[in-house]
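K.L.:
build the 3D model from these lines:
(2 chains)
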Amino acid sequence: ANSSLFPKGDTMVEEMPPYVKFGKREEFADVVPVLQDDGPDPVCPIAYTDDYTDCMNYLRAFFLSKELTPRALIVTEEAVSFNPANYTAWYYRRLIRNEVGGWDEELEIIQDFVSENAKNYQVWFHYRCVIEALNDPTDCLNFIAEMLEKDAKNYHAWTIRQWALKFFGLWDNELEYVDKLLNLDVRNNSAWNQRFFVIESTTGYTNEVLKAEIIYTQEKLKRGSNNTSAWNYLRGLAKVSSYNELPEIEEFCVEKLESTWGITCGQLYVTLIDIYTKSGDHEKLATAIEYCEKLQSGLDDIHKKYWIYRKTTLEKLIA
Amino acid sequence: KIMSETEDQQLEGFVGDLHRDFILKKAIEKKERFEYWATQHMRVSGIYWGMTALDTLNHLSDMEDLSKVAQFVLSCQNEDGGFGGNVGLDSHLLYTLSAIQVLYMVDGVDGINLDGLVEWVASLQNDDGSFSGDKWGETDTRFSYCAVSSLSLLKRIDAINTEKAIDFILRCQNFDGAFGVNPGAESHAGQTFCCIGTLAILDATDQIDVDNLGWWLSERQVNDGGLNGRPEKLADVCYSWWVLSSLACIGKLHWIDKQKLIDWIHKCQDYETGGISDKPQNVSDIYHTCFGITGLSLLGEEGFAQVNPKYCMTNNTLAKYGL
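P.N.:
As a prediction, this is how the structure comes out:
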């Protein structure tokens, strides 16, 4: 890697020698830069810095000539250092690497970019392409875990992680990893979703698994009852199966009504409403209506409009 | 942000004129700033966000030289038929949709190489019905939306396999009723809009449990009135669009506490420089300005043009080409 200027906000952090315009670099003496054609009277013009303009002029030249060499690699690296979202520069790098090799080096480079630009689509996709080209997931899950350590809900990280798990079949330790994350933050919605993803992709939700997952979720709820993600997961288990097949869910909720959850936990009532709506039992439907009123009048009044609708629907069922 | 003498005054209401000025300045300003060349790869989308906001505010006519905008955007169409984010950049579905949307607003649709574009979009559909964003193959429900919306706007939806497109979307529905980037991925309001928008354009929203989805969507509203994108995350103005438009597409917009949301979006305005930011007190940008304004339109804010929830374009503009 030649230069690495990683923009951080409005300041440039120089880690290597300062940028030298390509026109002044000997190895690029034969290249004719291609200026951006904005037309005679450019509309929506952007004033680039001189350095970036220089870089883009040379990138265009190389790209148009389809040169796939190490020096072309240098130009693309400058380009993505200026703007990590320059997707054409990343494309071109992949074409060059396909020609000249060096995917190991590419892995080191892209890992740096991902670390610095964790919310950028292009760098994450490029990372995935590099792993695919190397066809070696050895450090992949660890690297993504490192990124998730900085931001445990990073959607790109999870997307690539799911891809890697499927592509390489790396399921063995994933549930354990999810558990570790939930111990750090029991409200991590991404981790709860990952739980569902792993089980669906491996054992599937057998009766045995369902029972175990209900216990697991209930344990996690005891750490904090107002946890939307955990309640969503619990209700999700009933969707895979049914509340009839899993009576312990209703038992658990009814039991918790007697505790402080009955006063503070809106999601408890949300779940009971779900259970009772699906039961078809008139008495339970009437109770569900009561619970809708409880939610709309205070326990979940930000969603008042929804609970009014829900109540009306239930009333029609009883009528 | 430094507040001037108005600091003690309670700031209320929608400051539309400030936003109009903010957007117009962004379009012509020639400042050397990191922000500009950090966004040059998606210039076409930037234009779409700015112009849609102006259009919704009924100030599109304040923008000068619309024909030059048309010229610029058309110059982003590549030989393969798709549009890049800027001149000389590779084709991608994201920028192709933005380009078409802008060309609608500036009466430039006739300049498109139509057959080329349609062929290119159709070539990106995979066997499972999903769409890749470009020739590199990454699939994402965002790209399904971009493909379907693009072709719908150009009245060439027949060029793709709509049945399979719908099938793929349905496979992306999760246990909580909402949708992610690919099958099995975490439900996310932005991805959900892309899926619901796709289904709505293809007249297929009856294929999902809308009550279930509607609850997940309305649950995005948090206590301070704003909307988040996933459970247990913070509210962000752009979700005002992604969540509201989804609710509108399934006829459940009334499940949101409208006034609380309106008040929250108003708080995200920059009363000094104009523009809207992702959260109160943050720096405003074109993207959040666009989605804050289109969100307010859906909420019935007075004086705004009506925005179509399927396309995130005003009905006035859509009517130009008979949609």
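
K.L.:
show me what contacts B:Asp224?
P.N.:
B:Ala235, B:Lys260, B:Trp264 (C-beta atoms under 8 Å, 6 or more residues apart in numbering or on different chains). (Glycine included, C-beta is placed from N, CA and C.)

K.L.:
my guess is the first one contacts B:Val243. True?
P.N.:
When you say that, I think you mean B:Ala235. No - judged on C-beta atoms under 8 Å, B:Ala235 makes no contact with B:Val243 at a distance of 10.2 Å.

K.L.:
shared neighbours of those two, anything?
P.N.:
Shared contacts of B:Ala235 and B:Val243 (C-beta under 8 Å, 6+ apart): B:Leu227.

K.L.:
what about the strands in the chain?
P.N.:
No chain was given, so I picked chain A. A:5-8, A:11-14 (DSSP state E).

K.L.:
looking at chain B here, not the other one
P.N.:
B:307-308, B:313-314.

K.L.:
chain A is nearest to which of these?
P.N.:
Closest approach to chain A among the strands of chain B (C-beta to the nearest C-beta): strand B:313-314, 19.3 Å.

K.L.:
how about the residue of chain B found nearest chain A, nearest residue that isn't a chain neighbour?
P.N.:
Closest residue of chain B to chain A, C-beta to the nearest C-beta: B:Phe175 (3.3 Å). Spatial nearest neighbour of B:Phe175, chain neighbours left out: A:Gly236 (3.3 Å); criterion: C-beta to C-beta, 6 or more residues apart in numbering or on different chains.

K.L.:
mind listing what that neighbour touches?
P.N.:
By C-beta under 8 Å, 6+ apart, the neighbours of A:Gly236 are A:Phe196, B:Asn174, B:Phe175, B:Asp176.

K.L.:
count of neighbours near the last one?
P.N.:
Around B:Asp176 sit 26 other residues, with neighbours defined as other C-beta atoms under 10 Å in any protein chain shown.

K.L.:
where does pLDDT dip in the chain?
P.N.:
With no chain named, the answer covers chain A. Confidence mapping of chain A against pLDDT under 70 gives the ranges A:1-17, A:36-49.

K.L.:
chain B was what I was after
P.N.:
In chain B, residues with pLDDT under 70: B:1-12, B:27-38.

K.L.:
which parts of chain B are helices?
P.N.:
B:16-28, B:34-38, B:43-56, B:66-74, B:93-105, B:114-123, B:141-153, B:162-171, B:189-201, B:210-218, B:238-249, B:258-267, B:286-298, B:315-319 (DSSP state H).

K.L.:
how about those helices in TSV, adding mean neighbour count and distance to A:Tyr309?
P.N.:
Converted to TSV, the helices of chain B look like this (neighbours: other C-beta atoms under 10 Å in any protein chain shown; distance: least, C-beta to C-beta, whole Å):
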stretch	mean neighbour count	distance to A:Tyr309
helix B:16-28	18	32
helix B:34-38	17	43
helix B:43-56	25	28
helix B:66-74	19	43
helix B:93-105	26	33
helix B:114-123	18	38
helix B:141-153	24	27
helix B:162-171	18	24
helix B:189-201	26	19
helix B:210-218	21	9
helix B:238-249	26	12
helix B:258-267	19	14
helix B:286-298	26	18
helix B:315-319	16	27
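
K.L.:
to A:Ile289, which of those helices lies closest?
P.N.:
Of all the helices of chain B, helix B:210-218 sits nearest to A:Ile289, with 16.2 Å by C-beta to C-beta.

K.L.:
then the closest one to PDB, C-alphas only?
P.N.:
Output in PDB follows, covering the C-alpha atoms of helix B:210-218 (Å, rounded to 0.1, in the frame of the first residue of the first chain):
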ATOM      1  CA  VAL B 210     -50.900  -6.600   7.100                       C
ATOM      2  CA  ASP B 211     -52.200  -6.500  10.700                       C
ATOM      3  CA  ASN B 212     -49.000  -8.200  11.900                       C
ATOM      4  CA  LEU B 213     -46.800  -5.900   9.900                       C
ATOM      5  CA  GLY B 214     -48.800  -2.900  10.800                       C
ATOM      6  CA  TRP B 215     -48.200  -3.600  14.500                       C
ATOM      7  CA  TRP B 216     -44.400  -3.900  14.000                       C
ATOM      8  CA  LEU B 217     -44.400  -0.600  12.100                       C
ATOM      9  CA  SER B 218     -46.500   1.300  14.500                       C
END
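
K.L.:
so how far is it from its chain's centroid?
P.N.:
20 Å (C-alpha atoms, centre = their mean, to the nearest Å).

K.L.:
got the angle between it and helix B:238-249?
P.N.:
160 degrees (axes from the mean of the first three to the mean of the last three C-alpha atoms, to 10 degrees).

K.L.:
first-to-last residue distance for stretch B:278-292?
P.N.:
9 Å (C-alpha to C-alpha, to the nearest Å).

K.L.:
sorry, back to before: of the contacts of A:Gly236, closest to B:Thr317?
P.N.:
Closest approach between the contacts of A:Gly236 and B:Thr317, by C-beta to C-beta: B:Asn174, at 33.6 Å.

K.L.:
okay, the closest residue to that closest one other than its chain neighbours and A:Val114: tell me how far apart.
P.N.:
Sequence neighbours aside, B:Ser187 is the residue nearest to B:Asn174 in space, at 4.8 Å (criterion: C-beta to C-beta, 6+ apart). From B:Ser187 across to A:Val114, the span is 24 Å (C-beta to C-beta, to the nearest Å).

K.L.:
ok, these two, which is more surrounded?
P.N.:
B:Ser187 (25 against 22).

K.L.:
right, and the more buried one touches A:Asn193 too?
P.N.:
Yes - the criterion here is C-beta under 8 Å, and B:Ser187 meets it with A:Asn193 at 7.1 Å.

K.L.:
which ones are touching the closest residue to A:Gln267 other than its chain neighbours?
P.N.:
Sequence neighbours aside, A:Trp231 is the residue nearest to A:Gln267 in space, at 4.1 Å (criterion: C-beta to C-beta, 6+ apart). Neighbouring residues of A:Trp231 by C-beta under 8 Å, 6+ apart: A:Leu221, A:Gln267, A:Val270, A:Thr271.

K.L.:
equivalent analysis for B:Leu117, please.
P.N.:
With contacts defined as C-beta under 8 Å, 6+ apart, the neighbours of B:Leu117 are B:Gln77, B:Gly81, B:Gly82, B:Phe83, B:Thr96, B:Ser150, B:Leu154.

K.L.:
now swap in B:Ile256 and tell me
P.N.:
A:Lys305, B:Ser218, B:Gln221, B:Leu227, B:Val243, B:Leu244, B:Leu247.
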